[in-house]
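Chemist: got a predicted structure plus its sequence, pasted below:
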Amino acid sequence: MGEQELPGVLILEIGGECGVLESHVAFLRKHFSLITMKEFLQNKEKWSEKTESIFVFERRPVIDRELLESLPNLKVIGNSGVGVNHLDLKLISSFGVKVTNTPHAVSDSTADIGMALMLASARRLVEGYHIAVSPDTKDFAVDWLGVEVTRATLGIIGMGSIGYKVAKRAKAFDMKILYHNRSQRKEKEEQAVGAVYCKKIEDLLQQSDFVMLVVNLTPETHKLIGKRELEFMKPTATLINICRGAVVDQDALVEALQNGVIRAAALDVTYPEPLPRDHPLLKLKNVTLTPHIGTATVKALRMMTEEAVDNILAVLQDLPVPSEVIPK
Ligand SMILES: O=CC(=O)O
(Lines give C-alpha, C1' and ligand atoms only; values in the text may rest on other atoms or scores of the structure.)
Protein backbone atom coordinates (compact mmCIF):
# COMPACT_ATOMS: atom_id res chain seq x y z
CA MET A 1 0.00 0.00 0.00
CA GLY A 2 1.44 3.42 -0.87
CA GLU A 3 1.61 6.01 1.86
CA GLN A 4 -0.98 8.19 0.17
CA GLU A 5 -3.58 5.41 0.52
CA LEU A 6 -3.34 5.30 4.30
CA PRO A 7 -6.03 7.07 6.31
CA GLY A 8 -4.97 10.31 7.95
CA VAL A 9 -4.55 10.43 11.71
CA LEU A 10 -4.13 13.76 13.40
CA ILE A 11 -1.84 13.87 16.39
CA LEU A 12 -1.12 16.79 18.65
CA GLU A 13 2.63 16.71 18.40
CA ILE A 14 5.60 14.39 18.59
CA GLY A 15 7.15 14.23 22.05
CA GLY A 16 6.52 16.91 24.65
CA GLU A 17 3.90 16.65 27.35
CA CYS A 18 1.01 15.39 25.28
CA GLY A 19 2.51 14.24 22.01
CA VAL A 20 3.18 10.81 20.57
CA LEU A 21 6.35 9.15 21.82
CA GLU A 22 9.05 9.44 19.15
CA SER A 23 9.65 5.71 19.23
CA HIS A 24 5.97 5.05 18.40
CA VAL A 25 5.92 7.25 15.35
CA ALA A 26 7.21 4.53 13.00
CA PHE A 27 4.51 2.16 14.24
CA LEU A 28 1.79 4.74 13.64
CA ARG A 29 3.14 5.48 10.18
CA LYS A 30 2.59 1.83 9.23
CA HIS A 31 -1.14 2.41 9.59
CA PHE A 32 -1.71 6.10 8.97
CA SER A 33 -0.52 9.20 7.27
CA LEU A 34 0.57 11.14 10.31
CA ILE A 35 -0.28 14.83 10.56
CA THR A 36 0.68 16.95 13.55
CA MET A 37 -1.64 19.68 14.77
CA LYS A 38 0.88 22.28 13.67
CA GLU A 39 0.94 20.88 10.14
CA PHE A 40 -2.84 20.70 10.11
CA LEU A 41 -3.28 24.30 11.23
CA GLN A 42 -0.69 25.48 8.69
CA ASN A 43 -2.44 23.72 5.83
CA LYS A 44 -6.04 22.99 6.72
CA GLU A 45 -7.12 22.85 3.09
CA LYS A 46 -4.75 20.00 2.36
CA TRP A 47 -5.60 17.95 5.43
CA SER A 48 -9.19 18.58 6.48
CA GLU A 49 -10.80 16.15 4.02
CA LYS A 50 -8.12 13.49 4.47
CA THR A 51 -8.20 13.27 8.24
CA GLU A 52 -10.38 10.43 9.45
CA SER A 53 -9.11 10.00 12.96
CA ILE A 54 -7.41 11.78 15.82
CA PHE A 55 -5.02 10.10 18.22
CA VAL A 56 -5.01 11.87 21.60
CA PHE A 57 -2.98 11.21 24.67
CA GLU A 58 -4.74 10.98 28.01
CA ARG A 59 -5.31 14.31 29.53
CA ARG A 60 -5.16 17.39 27.35
CA PRO A 61 -8.34 18.96 26.01
CA VAL A 62 -7.78 19.69 22.34
CA ILE A 63 -10.99 18.72 20.65
CA ASP A 64 -13.33 21.69 20.37
CA ARG A 65 -16.21 22.58 18.08
CA GLU A 66 -13.99 24.57 15.73
CA LEU A 67 -11.66 21.63 15.18
CA LEU A 68 -14.56 19.21 14.72
CA GLU A 69 -16.16 21.54 12.18
CA SER A 70 -12.95 21.64 10.19
CA LEU A 71 -12.76 17.83 9.87
CA PRO A 72 -15.76 16.72 7.77
CA ASN A 73 -14.54 13.13 7.38
CA LEU A 74 -13.55 12.55 10.98
CA LYS A 75 -14.85 9.20 12.23
CA VAL A 76 -13.01 8.44 15.44
CA ILE A 77 -10.99 9.93 18.24
CA GLY A 78 -8.71 7.27 19.67
CA ASN A 79 -7.73 8.19 23.21
CA SER A 80 -4.50 6.67 24.41
CA GLY A 81 -5.44 6.18 28.07
CA VAL A 82 -8.55 5.15 29.92
CA GLY A 83 -9.84 8.45 31.32
CA VAL A 84 -11.76 10.55 28.82
CA ASN A 85 -12.85 13.39 31.09
CA HIS A 86 -10.79 15.78 28.93
CA LEU A 87 -13.09 15.09 25.98
CA ASP A 88 -16.57 16.54 25.51
CA LEU A 89 -18.24 13.25 24.59
CA LYS A 90 -21.63 14.75 23.80
CA LEU A 91 -20.17 17.40 21.51
CA ILE A 92 -18.01 14.85 19.72
CA SER A 93 -20.86 12.40 19.28
CA SER A 94 -23.09 15.17 17.89
CA PHE A 95 -20.64 15.21 14.95
CA GLY A 96 -21.17 11.46 14.47
CA VAL A 97 -17.63 10.80 15.71
CA LYS A 98 -16.80 7.85 17.96
CA VAL A 99 -14.47 7.95 20.95
CA THR A 100 -12.37 4.97 22.04
CA ASN A 101 -10.05 4.39 24.99
CA THR A 102 -7.47 1.84 26.17
CA PRO A 103 -8.63 0.18 29.40
CA HIS A 104 -6.60 -2.99 28.90
CA ALA A 105 -3.25 -1.37 28.28
CA VAL A 106 -3.31 0.81 31.38
CA SER A 107 -4.60 -1.53 34.06
CA ASP A 108 -1.42 -3.30 35.23
CA SER A 109 0.80 -0.24 35.39
CA THR A 110 -1.87 1.84 37.12
CA ALA A 111 -2.57 -0.91 39.67
CA ASP A 112 1.18 -1.09 40.28
CA ILE A 113 1.38 2.63 41.02
CA GLY A 114 -1.54 2.21 43.45
CA MET A 115 0.40 -0.45 45.34
CA ALA A 116 3.61 1.58 45.15
CA LEU A 117 1.90 4.63 46.64
CA MET A 118 0.18 2.59 49.33
CA LEU A 119 3.46 0.99 50.40
CA ALA A 120 5.43 4.22 50.09
CA SER A 121 2.97 6.12 52.25
CA ALA A 122 2.55 3.33 54.80
CA ARG A 123 6.31 2.94 55.27
CA ARG A 124 7.09 6.67 54.82
CA LEU A 125 9.47 5.90 51.99
CA VAL A 126 10.02 9.47 50.78
CA GLU A 127 10.63 10.79 54.30
CA GLY A 128 12.90 7.80 54.88
CA TYR A 129 14.92 8.67 51.79
CA HIS A 130 15.44 12.21 53.03
CA ILE A 131 16.55 10.92 56.43
CA ALA A 132 18.92 8.45 54.77
CA VAL A 133 20.63 11.17 52.74
CA SER A 134 20.51 13.82 55.46
CA PRO A 135 23.91 14.96 56.73
CA ASP A 136 22.48 14.91 60.25
CA THR A 137 22.07 11.30 61.38
CA LYS A 138 20.15 12.48 64.46
CA ASP A 139 17.15 12.98 62.14
CA PHE A 140 16.23 9.37 62.77
CA ALA A 141 14.51 8.58 66.06
CA VAL A 142 13.27 5.28 67.41
CA ASP A 143 9.66 6.48 67.32
CA TRP A 144 9.84 7.23 63.60
CA LEU A 145 7.37 4.56 62.56
CA GLY A 146 5.15 3.65 59.70
CA VAL A 147 2.12 1.38 59.48
CA GLU A 148 1.78 -2.07 57.92
CA VAL A 149 0.03 -2.92 54.73
CA THR A 150 0.08 -6.66 55.35
CA ARG A 151 -3.26 -7.85 56.76
CA ALA A 152 -4.64 -4.28 56.84
CA THR A 153 -8.03 -3.45 55.33
CA LEU A 154 -8.07 -1.93 51.86
CA GLY A 155 -11.22 -0.21 50.58
CA ILE A 156 -11.30 0.08 46.81
CA ILE A 157 -13.71 2.64 45.39
CA GLY A 158 -14.34 1.61 41.78
CA MET A 159 -13.99 -2.08 40.97
CA GLY A 160 -13.28 -1.74 37.26
CA SER A 161 -10.33 -3.46 35.63
CA ILE A 162 -7.75 -1.35 37.50
CA GLY A 163 -9.58 -1.74 40.83
CA TYR A 164 -9.68 -5.48 40.33
CA LYS A 165 -5.96 -5.65 39.57
CA VAL A 166 -5.26 -3.66 42.73
CA ALA A 167 -7.39 -6.19 44.64
CA LYS A 168 -5.42 -9.11 43.17
CA ARG A 169 -2.15 -7.52 44.30
CA ALA A 170 -3.60 -6.70 47.73
CA LYS A 171 -4.63 -10.33 48.17
CA ALA A 172 -0.97 -11.30 48.02
CA PHE A 173 -0.45 -9.00 51.03
CA ASP A 174 -3.22 -10.86 52.90
CA MET A 175 -5.24 -7.66 52.96
CA LYS A 176 -8.91 -7.66 53.79
CA ILE A 177 -10.51 -6.16 50.69
CA LEU A 178 -13.68 -4.09 50.69
CA TYR A 179 -15.04 -2.40 47.60
CA HIS A 180 -17.73 0.01 46.58
CA ASN A 181 -18.93 0.29 43.02
CA ARG A 182 -21.54 2.66 41.74
CA SER A 183 -22.70 0.76 38.72
CA GLN A 184 -22.95 -2.85 39.79
CA ARG A 185 -21.80 -5.55 42.16
CA LYS A 186 -18.91 -7.64 40.77
CA GLU A 187 -19.58 -11.14 41.99
CA LYS A 188 -16.95 -12.92 39.91
CA GLU A 189 -14.25 -10.55 41.16
CA GLU A 190 -15.55 -10.83 44.73
CA GLN A 191 -15.06 -14.56 44.64
CA ALA A 192 -11.67 -14.44 42.97
CA VAL A 193 -10.07 -12.16 45.57
CA GLY A 194 -12.42 -12.55 48.52
CA ALA A 195 -13.54 -8.91 48.27
CA VAL A 196 -16.54 -7.74 50.28
CA TYR A 197 -19.03 -5.40 48.66
CA CYS A 198 -20.07 -2.28 50.57
CA LYS A 199 -23.29 -0.89 49.16
CA LYS A 200 -22.79 2.26 51.19
CA ILE A 201 -19.53 4.11 50.64
CA GLU A 202 -19.66 5.20 54.30
CA ASP A 203 -19.29 1.58 55.45
CA LEU A 204 -16.14 1.19 53.37
CA LEU A 205 -14.71 4.50 54.61
CA GLN A 206 -15.33 3.62 58.25
CA GLN A 207 -13.65 0.23 58.10
CA SER A 208 -10.65 0.77 55.81
CA ASP A 209 -7.04 1.39 56.77
CA PHE A 210 -6.32 2.36 53.16
CA VAL A 211 -8.89 3.82 50.79
CA MET A 212 -7.95 3.69 47.13
CA LEU A 213 -9.82 5.74 44.49
CA VAL A 214 -10.09 4.10 41.09
CA VAL A 215 -13.17 5.65 39.48
CA ASN A 216 -13.70 7.55 36.24
CA LEU A 217 -14.13 11.27 36.67
CA THR A 218 -17.74 12.09 35.78
CA PRO A 219 -20.19 14.69 37.12
CA GLU A 220 -21.29 12.02 39.65
CA THR A 221 -17.78 11.34 40.95
CA HIS A 222 -16.61 14.96 40.98
CA LYS A 223 -15.55 15.65 44.62
CA LEU A 224 -16.86 12.24 45.64
CA ILE A 225 -14.52 12.44 48.63
CA GLY A 226 -15.12 15.65 50.56
CA LYS A 227 -15.08 16.80 54.18
CA ARG A 228 -17.97 14.53 55.14
CA GLU A 229 -16.41 11.41 53.60
CA LEU A 230 -12.97 12.16 55.08
CA GLU A 231 -14.57 12.41 58.49
CA PHE A 232 -15.95 8.91 58.08
CA MET A 233 -12.40 7.59 57.67
CA LYS A 234 -10.28 6.36 60.58
CA PRO A 235 -7.71 8.87 61.90
CA THR A 236 -5.11 6.17 61.18
CA ALA A 237 -6.25 5.71 57.56
CA THR A 238 -4.57 6.71 54.31
CA LEU A 239 -6.25 7.99 51.16
CA ILE A 240 -4.69 6.94 47.86
CA ASN A 241 -5.80 8.51 44.60
CA ILE A 242 -4.74 7.00 41.28
CA CYS A 243 -7.66 8.11 39.11
CA ARG A 244 -8.32 11.86 38.76
CA GLY A 245 -7.58 14.70 41.16
CA ALA A 246 -11.05 16.21 40.99
CA VAL A 247 -12.59 13.07 42.54
CA VAL A 248 -11.35 14.56 45.82
CA ASP A 249 -12.20 17.94 47.29
CA GLN A 250 -8.60 19.02 47.65
CA ASP A 251 -9.23 21.85 50.13
CA ALA A 252 -11.07 19.45 52.40
CA LEU A 253 -8.21 16.96 52.03
CA VAL A 254 -5.59 19.54 53.01
CA GLU A 255 -7.63 20.42 56.09
CA ALA A 256 -8.08 16.76 57.02
CA LEU A 257 -4.35 16.11 56.67
CA GLN A 258 -3.41 19.18 58.68
CA ASN A 259 -5.83 18.37 61.48
CA GLY A 260 -5.18 14.64 61.81
CA VAL A 261 -8.62 13.66 60.52
CA ILE A 262 -6.75 11.06 58.46
CA ARG A 263 -3.18 9.83 58.76
CA ALA A 264 -1.87 10.45 55.26
CA ALA A 265 -2.56 10.76 51.54
CA ALA A 266 -0.74 9.37 48.53
CA LEU A 267 -1.68 11.02 45.28
CA ASP A 268 -0.68 10.33 41.70
CA VAL A 269 -3.27 12.85 40.54
CA THR A 270 -4.21 16.35 41.69
CA TYR A 271 -5.85 19.45 40.31
CA PRO A 272 -4.35 21.24 38.65
CA GLU A 273 -1.43 19.18 37.43
CA PRO A 274 1.17 20.15 38.30
CA LEU A 275 0.15 21.86 41.54
CA PRO A 276 1.22 25.49 42.01
CA ARG A 277 4.56 25.50 43.80
CA ASP A 278 3.07 27.14 46.90
CA HIS A 279 0.23 24.62 47.26
CA PRO A 280 -0.21 23.31 50.83
CA LEU A 281 -0.15 19.68 49.61
CA LEU A 282 3.50 20.19 48.67
CA LYS A 283 4.36 21.19 52.22
CA LEU A 284 2.77 18.37 54.19
CA LYS A 285 5.02 15.54 55.36
CA ASN A 286 2.12 13.10 55.40
CA VAL A 287 1.54 13.50 51.65
CA THR A 288 3.28 11.31 49.07
CA LEU A 289 3.02 12.76 45.58
CA THR A 290 3.82 11.53 42.10
CA PRO A 291 3.20 13.48 38.86
CA HIS A 292 0.43 11.38 37.22
CA ILE A 293 2.65 8.46 36.28
CA GLY A 294 0.15 5.61 36.52
CA THR A 295 0.77 4.63 32.92
CA ALA A 296 4.31 5.93 32.57
CA THR A 297 6.08 2.69 31.76
CA VAL A 298 7.67 1.67 28.48
CA LYS A 299 5.33 -1.31 28.19
CA ALA A 300 2.10 0.46 29.15
CA LEU A 301 2.69 3.34 26.76
CA ARG A 302 3.45 0.99 23.90
CA MET A 303 0.36 -1.08 24.65
CA MET A 304 -1.76 2.07 24.86
CA THR A 305 -0.62 3.15 21.39
CA GLU A 306 -1.32 -0.33 20.02
CA GLU A 307 -4.74 -0.54 21.66
CA ALA A 308 -5.66 2.93 20.40
CA VAL A 309 -4.59 1.98 16.87
CA ASP A 310 -6.64 -1.25 17.01
CA ASN A 311 -9.67 0.79 18.05
CA ILE A 312 -9.20 3.43 15.38
CA LEU A 313 -8.71 0.84 12.63
CA ALA A 314 -11.79 -1.08 13.77
CA VAL A 315 -13.91 2.05 13.43
CA LEU A 316 -12.43 2.94 10.04
CA GLN A 317 -12.95 -0.62 8.76
CA ASP A 318 -16.45 -0.83 10.18
CA LEU A 319 -15.54 -3.75 12.43
CA PRO A 320 -16.66 -4.28 16.04
CA VAL A 321 -14.80 -1.70 18.13
CA PRO A 322 -12.89 -3.21 21.08
CA SER A 323 -13.21 -0.23 23.44
CA GLU A 324 -15.71 2.41 22.46
CA VAL A 325 -16.74 5.02 25.02
CA ILE A 326 -20.45 5.65 24.79
CA PRO A 327 -21.63 9.05 26.08
CA LYS A 328 -24.19 8.61 28.88
O1 LIG B 1 -4.46 8.61 33.52
C2 LIG B 1 -4.38 7.64 32.85
C3 LIG B 1 -5.40 7.16 31.96
O4 LIG B 1 -6.42 7.82 31.82
O5 LIG B 1 -5.19 6.11 31.34
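Modeler: Yes, it's here.
Chemist: C-alpha from now on. contacts and neighbour counts both.
Modeler: Noted.
Chemist: P103 is in contact with V82, isn't it?
Modeler: Yes: using Cα atoms under 8 Å, P103 is in contact with V82, at 5.0 Å.
Chemist: could you give me the average pLDDT of stretch 271-279?
Modeler: For stretch 271-279, the mean per-residue pLDDT is 97.
Chemist: my error: substitute stretch 92-106 in the last question.
Modeler: For stretch 92-106, the per-residue pLDDT averages 97.
Chemist: check stretch 49-67 too.
Modeler: 87.
Chemist: got a list of contacts for it?
Modeler: Residues from elsewhere that reach stretch 49-67 (Cα atoms under 8 Å, 6 or more residues apart in numbering): 7-12, 18-20, 71-88, 91, 308, 312, 316.
Chemist: at 6 Å instead, please
Modeler: 8-11, 18, 73-81, 86 (Cα atoms under 6 Å, 6 or more residues apart in numbering).
Chemist: sorry, back to before: more neighbours: which of P103 and V82?
Modeler: Remark: of P103 and V82, V82 carries more neighbours, 23 against 20, as counted by other Cα atoms under 10 Å.
Chemist: for the most centrally placed residue in the chain, which three-state class applies?
Modeler: Nearest to the mean C-alpha position of the chain, counting by Cα atoms, centre = their mean, stands C243 at 4.1 Å. What DSSP: H, G, I helix; E, B strand; the rest coil gives for C243 is coil.
Chemist: what segments of the stretch 51-200 of the chain are helices?
Modeler: 65-69, 89-94, 103-122, 125-133, 161-171, 187-193 (DSSP state H, counting those that start in this stretch).
Chemist: what comes up buried for the first one?
Modeler: Applying a neighbour-count criterion of 16 or more other Cα atoms under 10 Å, one finds L68 buried in helix 65-69.
Chemist: OK, contacts around the residue of the chain positioned farthest from its centre?
Modeler: Seen from the C-alpha centroid of the chain, the residue lying at the greatest distance (Cα atoms, centre = their mean) is K138, 39.0 Å away. By Cα under 6 Å, 6+ apart, the contact set of K138 is empty.
Chemist: quick one: the strands in this protein?
Modeler: With DSSP state E as the criterion, the chain has strands at 8-11, 33-36, 51-57, 76-80, 98-100, 153-157, 176-180, 196-197, 210-213, 238-241, 264-267, 287-289, 324-325.
Chemist: those strands into TSV, with extra columns for distance to the ligand?
Modeler: Shown next, in TSV, are those (distance: least, Cα to the nearest ligand atom, whole Å):
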stretch	distance to the ligand
strand 8-11	17
strand 33-36	22
strand 51-57	9
strand 76-80	7
strand 98-100	12
strand 153-157	16
strand 176-180	20
strand 196-197	25
strand 210-213	13
strand 238-241	11
strand 264-267	12
strand 287-289	15
strand 324-325	13
